[in-house]
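Visitor: Give me the fold of what follows.
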Amino acid sequence: MQTLTLRCTLKPTPEQAAALEATVRRFAEGCNHALRVAKEKGEFRKFGLQRLVYSDLRAMGLSANLAIQAIFRVAKKRGSRAKFYQPTSCAFDQRTLSLRGEAVSLTTVSGRMVIPMKLGNYQRGVLKRAKSVQGGVLTKGPKGKWYIHLSLRVKTPEPPSGGGRVVGVDLGQKALATLSSGVRFSGGSLKGKRLHYRNKRAEVRSKLDTQRTRGVQRLWARLRGKEQRFVNHTLHTLARRIVDSLEPGDTLAVEDLTGLRGRTTKRGKTERHLHGLWPYARFRSLLEYKATLKGVRVVAVDPRYTSQACPRCGHIAQENRRSQALFRCSQCGFQHNADWVAAHNIALRARALPVPKGIVAQRAGSMGKGRCKPARILRVSSLHRLSSESPNQNALAFG
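Guide: Residues are numbered from 1 along each chain as shown. Prediction:
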């Protein structure tokens, strides 16, 4: 079983929308009251804070379960650092939220209401697979639309036993992901967008120091979440493309990059900025949950020396990595794309086998005794276009 979050658009009537607005505002008032008491008493434990403010929240008009959810939100670790809760969301549990076909039943300050949802094929498919609903979060968008983020328990398929493919994934900044199967996803759009938002924020921040007009403040507020939404969309799309290229029973080998920023350094202001923001853990979590839903195993391997080890002779040396893109073995002369070499070695480690000596890497082009011409790697410049849709598919095919 796996827990998924599914966002659905609500279609409330004007009376229901007014009730949702009142519920969200009352919930925020309850959170702010609990936060004030928690700071005054120095009590952020859930049950301790519940004894202090539960009766007050009930007197405000919150139902018993909504009062508990408000206390739980403040009692989280970030509650001690929160300054003020805005009236933009409200949390529900299994008692205050349930599904009624293509509608959701919610407990509001005006009583129980059944609100229809606007569903697409994806939402209907996930709801059909869901075994139970654990609750959800009601949110209000910037344009006045209402959304419900449902927390669903979905049964995951058992990966078939037997011989499946083992595909390694090498992560980076210039190439977001390189698969040992020969597919490479460029990271230029993500890198360029992040630098664009950094420069834009610096420009707006300088204006805030000199002219604090309402228009500049609104621009700063709009920029706050745009970069995060763009990064999440790009990572979701990339993870989906990688998982779609696999079959149930395959194994996806990823790098274990825990503590990477503490072990590595970057030179230059721009490189340090990108290195500190690179979402390795976020991308790995997306790969894991999408692969689990398809019946694909995900294993993490030690990435050390994977880009310096020759897949033909096993020689490991720092000078083998001639540049960011070029790998050339100083001992046997094997030459290939450095990211593909790393992905291939990651796949070998996932099989619990050492890098073989004297065994030619599969599908690596010409393997004469001299220097080898690097095999061409399929480059997917757009994350929104499948490789089969490429107009030059034959010219880009793996050599």
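Visitor: so what's residue 339 up against?
Guide: Applying CB atoms under 8 Å, 6 or more residues apart in numbering to residue 339 gives the contacts 170, 172, 175, 178, 184, 307, 325. Any C-beta I mention is one placed from the backbone N, CA and C, and that applies to glycine too.
Visitor: swap in residue 75?
Guide: 38, 44-46, 49.
Visitor: farthest-separated two in those?
Guide: Maximum pairwise distance in the contacts of residue 75, criterion CB to CB, is 10.4 Å, between 38 and 46.
Visitor: more crowded one of these two?
Guide: residue 38 (22 against 14; other CB atoms under 10 Å).
Visitor: What values do phi and psi take at that one?
Guide: Main-chain dihedrals, residue 38, degrees, to the nearest 10: phi -60, psi -40.
Visitor: Is it in contact with residue 73, as I believe?
Guide: No. If you go by CB atoms under 8 Å, residue 38 and residue 73 don't touch, sitting 11.1 Å apart.
Visitor: follow-up on the earlier one: which of the contacts of residue 339 count as buried?
Guide: Buried members of the contacts of residue 339, counted by 16 or more other CB atoms under 10 Å: 170, 172, 175, 178, 184, 307.
Visitor: Just the ones of the residues you listed in helices?
Guide: Members of these lying in helices (criterion: DSSP state H): none.
Visitor: Point to the helix or strand of the protein where mean pLDDT is at its lowest.
Guide: Lowest by mean pLDDT, DSSP states H and E among the helices and strands of the chain is helix 393-396, with a mean of 29.
Visitor: picking up where we left off before, can you tell me which of the contacts of residue 75 is nearest residue 351?
Guide: residue 46 (45.7 Å).
Visitor: Pull the contacting residues for the closest one.
Guide: Neighbouring residues of residue 46 by CB under 8 Å, 6+ apart: 71-72, 75.
Visitor: So which of those belong to helices?
Guide: Among the contacts of residue 46, the ones falling in helices (DSSP H) are 71-72, 75.
Visitor: okay, those residues in CSV with distance to residue 228 and pLDDT next?
Guide: Converted to CSV, the ones in helices among the contacts of residue 46 look like this (distance: CB to CB, whole Å; pLDDT from 0 to 100):
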residue, distance to residue 228, pLDDT
71, 28, 93
72, 24, 92
75, 25, 87
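Visitor: which one of these sits closest to residue 9?
Guide: The closest of the ones in helices among the contacts of residue 46, once distances to residue 9 are taken by CB to CB, is residue 72, at 25.9 Å.
Visitor: Tell me how many other residues surround the closest residue in space to residue 6 that isn't next to it in sequence.
Guide: For residue 6, ignoring the flanking residues on the chain, the nearest one in space by CB to CB, 6 or more residues apart in numbering is residue 150 at 4.7 Å. By other CB under 10 Å, 24 other residues sit near residue 150.
Visitor: is it true that residue 150 touches residue 8?
Guide: Yes. Residue 150 is within contact range of residue 8, at 6.5 Å (criterion: CB under 8 Å).
Visitor: anything in contact with each of these two?
Guide: Shared contacts of residue 150 and residue 8, counting by CB under 8 Å, 6+ apart, come down to residue 104.
Visitor: follow-up on the earlier one: a markdown table please, covering the contacts of residue 46 and showing distance to residue 130.
Guide: Formatted as a markdown table, the contacts of residue 46 follow (distance: CB to CB, whole Å):
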| residue | distance to residue 130 |
| --- | --- |
| 71 | 28 |
| 72 | 23 |
| 75 | 28 |
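Visitor: And stretch 157-167, what's buried?
Guide: Applying a neighbour-count criterion of 16+ other CB under 10 Å, the buried positions in stretch 157-167 are 159, 164, 166-167.
Visitor: From these, pick the one nearest residue 31.
Guide: Once CB to CB is applied, the member of the buried residues of stretch 157-167 that ends up nearest residue 31 is residue 159, at 42.0 Å.
Visitor: re the thing from before, I'd like the contacts of residue 75 written out as CSV, with distance to residue 97, secondary structure and pLDDT added.
Guide: Below are the contacts of residue 75 laid out as CSV (distance: CB to CB, whole Å; DSSP: H, G, I helix; E, B strand; the rest coil; pLDDT from 0 to 100):
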residue, distance to residue 97, secondary structure, pLDDT
38, 26, helix, 90
44, 26, coil, 86
45, 26, coil, 88
46, 20, helix, 89
49, 23, helix, 91
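Visitor: Now do the same contact list for residue 292.
Guide: Contacts were defined as CB under 8 Å, 6+ apart; by that measure residue 292 touches 2, 156, 298.
Visitor: Residue 284 now?
Guide: If you count contacts by CB under 8 Å, 6+ apart, residue 284 has them with 254, 257, 300.
Visitor: got it, and residue 103?
Guide: 114-117.
Visitor: JSON lines please, covering the residues you listed and showing distance to residue 82 and neighbour count.
Guide: What follows is the contacts of residue 103, written out as JSON lines (distance: CB to CB, whole Å; neighbours: other CB atoms under 10 Å):
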{"residue": "114", "distance to residue 82": "33", "neighbour count": "13"}
{"residue": "115", "distance to residue 82": "29", "neighbour count": "21"}
{"residue": "116", "distance to residue 82": "33", "neighbour count": "16"}
{"residue": "117", "distance to residue 82": "30", "neighbour count": "20"}
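Visitor: quick one: residue 95 from residue 239, how far?
Guide: Counting by CB to CB, to the nearest Å, the gap from residue 95 to residue 239 is 34 Å.
Visitor: Which parts of the protein are helices?
Guide: Remark: helices assigned in the chain by DSSP H are 14-41, 46-60, 64-75, 121-129, 188-210, 214-244, 260-263, 269-277, 280-294, 338-350, 393-396.
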